[in-house]
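In: Just the structure for this:
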Amino acid sequence: MSGVTDTPTAAPRPAARPARPGGHRQLAGTATLLRFALRRDRVLIPVWVAVNTLMVLSMPNTLESLYGTAAQRADLMHQMAANSSLRALVGPVFDDSVGALTAWRVGVYAGALAAVTSLLVVVRHTRDEEESGRQEMVASGMVGRRAPLTAALLAAAVANAVLALLVAAGLAGQGAAGALAFGLGLGAVGMVFATMAAIVAQLTESARLARGLTAGVLGAAFVLRAAGDSATNAGDGGGSSALTWLSPLGWLENLRAFAGERWWVLALFAAAILLQGAAAYLLAGRRDVGMSFLPTRPGPAAGRLTGAGALAWRLQRGSVLGWSIGFFLAGVVYGGLTDGAADLVDGNEKAREIFERMGGHNALTDTFLASMIGMLGLVAALYVVASVLRLHGEETSGRAEPVLANVVGRLRWAVGHLSIAFGGSVLIMLLAGLGFTLGYGAKAGPILGACLVQLPAVWVVGGLAVLLYGLVPRAAAAAWGVAGAVLLIGWVGPALDAPQFVLDLSPFGHLPKLPGGEMAWGPVLTLTGLAAALVAGGLAGLNRRDMTS
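Out: Model prediction:
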């Protein structure tokens with residue numbers, strides 16, 4: 001028949017099932033997000049890596065001048081073997097070479113600083129982005145589900161890789177194998193806490209809580225290491241305590257850089273990084289953007305919020321409590337070490353000169369107390385910056401908008417948070433003074449006065465943070481760079497015998513050296529006035545500019 005064909009028609013194919021997104025799709029956009037993360041952290045990462053690197057690389061020359069002979073180094077090892085408190089503070093000595101002494105003197109603190117940098121980077125590019133709502137906008141594009149987490153971990157890996165490379169290259173003159181082991185150990189500690197922060201960021205809804213919990217794990221690691229090191233002395237050939245092996249900081253010690261390296265310890269770091277990273281990826285794939293496995297308990301809040309100050313206190317009281325406990329305990333520990341540390345450097349002219357540059361020309365115990373109180377003052381500047389920048393976090397997350405939509409004005413809202421920042425610095429320094437008093441057994445008056453004298457310099461750093469936030473909110477994070485530079489000058493400057501004009505770049509370089517020194521009111525009042533002017537300038541800028549939408 002016309003129009004009819006004998007050709008059989010093909011049976012229609014069943015509709016194809018949608019393919020499940022493969023691993024490459026889960027990571028789509030990672031390279032772009034990594035470039036963006038490194039661009040955002042172009043100040044934070046270089047400053048903190050530089051602080052850490054210079055702190056490590058300044059030690060060999062300092063130690064060579066302090067303990068230039070084999071007899072002096074052997075005496076140091078003997079004194080450390082007999083002083084459990086100092087072992088708890090800086091760890092045991094495994095060998096008397098300059099390289100081994102460098103790893104002993106700065107290893108714990110360089111590892112802790114690498115951990116802090118890593119957790120800040122990871123939380124900033126994961127939970128911070130979700131809390132602000134930016135991650136939801138990014139996820140609406142061609143971005144894989146696990147791309148943000150991968151970019152955050154890679155940014156932390158870049159920071160730790162640069163740190164490891166610089167440290168290994170800088171210490172190569174002390175022994176290539178030891179330098180490589182120490183550099184890799186520092187980078188590995190940073191990545192352990194980077195992956196830990198990645199897990200915590202999946203569990204909590206708040207970036208602040210994620211940072212706090214990860215920092216709490218770091219504090220527990222320090223305490224475990226300190227308890228283990230105080231109980232045993234590896235310098236006499238004995239092994240480390242089981243408590244030391246429970247801490248990643250203890251793993252760094254037991255890597256034994258420059259003292260018969262234990263390369264197999266790096267396998268512990270690798271296992272921890274891989275297991276924690278896998279757990280973070282698993283959790284990230286099982287929740288929605290902005291959600292968490294431990295959601296914040298809904299209101300109503302217990303008690304009344306009577307104003308902007310009460311709201312600021314409710315938001316920051318956990319941070320204030322944590323810093324207060326930490327400063328009090330640090331005061332107790334440093335106070336208890338005063339006599340032992342003074343005996344350790346007694347008769348060593350170079351060590352005395354370094355402490356005098358930090359703490360002034362007076363009795364050795366007063367010099368040590370002044371230098372340790374000054375160190376806590378430098379750390380208090382970090383608290384002020386973090387507390388001031390809480391304003392920026394509230395603004396960018398959108399939580400400030402409903403508050404300011406009511407009768408609360410901008411200045412009243414900002415002053416509520418700034419009162420917690422600057423008033424909290426007074427509280428933590430007072431508690432540090434009480435800790436020193438209890439630990440050392442001295443009269444409270446001189447010690448408390450020495451702690452309070454640090455506040456004008458702390459407030460200047462906080463005032464700079466307020467000025468940056470008020471005038472240039474996009475550059476507010478540069479306040480961390482200022483705090484890092486001040487920390488670098490205060491920690492490394494005296495050990496490197498830096499010129500006085502370099503030390504004077506820090507507001508702490510102008511403070512009287514108390515206890516033991518003479519009180520000078522001129523610099524104290526000048527710094528206080530400068531801090532007030534900076535805060536006023538920042539508030540004026542905040543009152544005139546548009547709020548971030």
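In: The helix or strand where Ala88 lies - contacts with which helices or strands?
Out: Element membership of Ala88, judged by DSSP states H and E, is helix 84-90. With contacts defined as 3 or more CB pairs under 8 Å, 6 or more residues apart in numbering; DSSP states H and E, helix 84-90 has these neighbours: helix 70-82, helix 98-125, helix 207-231, helix 308-345. Heads up, the C-betas are built off the backbone N, CA and C, glycines and all.
In: what comes up buried for that helix?
Out: 84, 86-90 (16 or more other CB atoms under 10 Å).
In: got the contact list for stretch 212-230?
Out: Stretch 212-230 is contacted by residues 84-85, 87-89, 91-92, 108, 112, 115-116, 119, 123, 193, 196-197, 200, 203-204, 240-250, 253, 318-319, 322, 326 when judged by CB atoms under 8 Å, 6 or more residues apart in numbering.
In: please redo it, this time with the cut-off set to 6 Å
Out: Contact partners of stretch 212-230, identified using CB atoms under 6 Å, 6 or more residues apart in numbering, comprise 84, 87-88, 91-92, 115, 119, 196-197, 200, 241, 243-244, 246-250.
In: Produce a PyMOL select command limited to the buried residues of those residues.
Out: Applying 16+ other CB under 10 Å to those, the buried members can be selected in PyMOL as follows:
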select buried, resi 84+87+88+91+92+115+119+196+197+200+241+243+244+247+248+249+250
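In: Please name every helix or strand in contact with the one helix or strand Pro523 maps to.
Out: Assigned by DSSP H and E, Pro523 falls within helix 521-544. When contacts are defined as 3 or more CB pairs under 6 Å, 6 or more residues apart in numbering; DSSP states H and E, helix 521-544 packs onto helix 410-440, helix 455-471.
In: Between these, which one is closest to Tyr334.
Out: Among the helices and strands packed on helix 521-544, the nearest to Tyr334 by CB to CB is helix 410-440 (6.5 Å).
In: Name the residues of that closest one that are buried.
Out: Per 16+ other CB under 10 Å, helix 410-440 contains these buried residues: 410, 413-418, 420-422, 424-425, 428-440.
In: Tell me the gap between stretch 260-274 and the middle of its chain.
Out: Chain-centre distance of stretch 260-274: 23 Å, with CA atoms, centre = their mean, to the nearest Å.
In: Pull that stretch out as PDB, backbone CA atoms only.
Out: C-alpha atoms of stretch 260-274 as PDB (Å, rounded to 0.1, in the frame of the first residue of the first chain):
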ATOM      1  CA  GLY A 260      68.000  11.600  66.000                       C
ATOM      2  CA  GLU A 261      64.900  12.200  64.000                       C
ATOM      3  CA  ARG A 262      62.000   9.800  64.400                       C
ATOM      4  CA  TRP A 263      60.500  10.100  60.900                       C
ATOM      5  CA  TRP A 264      57.800   7.600  61.700                       C
ATOM      6  CA  VAL A 265      56.100  10.100  63.900                       C
ATOM      7  CA  LEU A 266      55.100  12.000  60.700                       C
ATOM      8  CA  ALA A 267      52.900   9.000  60.000                       C
ATOM      9  CA  LEU A 268      50.800   9.900  63.100                       C
ATOM     10  CA  PHE A 269      50.300  13.400  61.700                       C
ATOM     11  CA  ALA A 270      49.400  12.000  58.300                       C
ATOM     12  CA  ALA A 271      46.900   9.500  59.800                       C
ATOM     13  CA  ALA A 272      45.200  12.200  61.900                       C
ATOM     14  CA  ILE A 273      45.000  14.600  59.000                       C
ATOM     15  CA  LEU A 274      43.500  12.000  56.600                       C
END
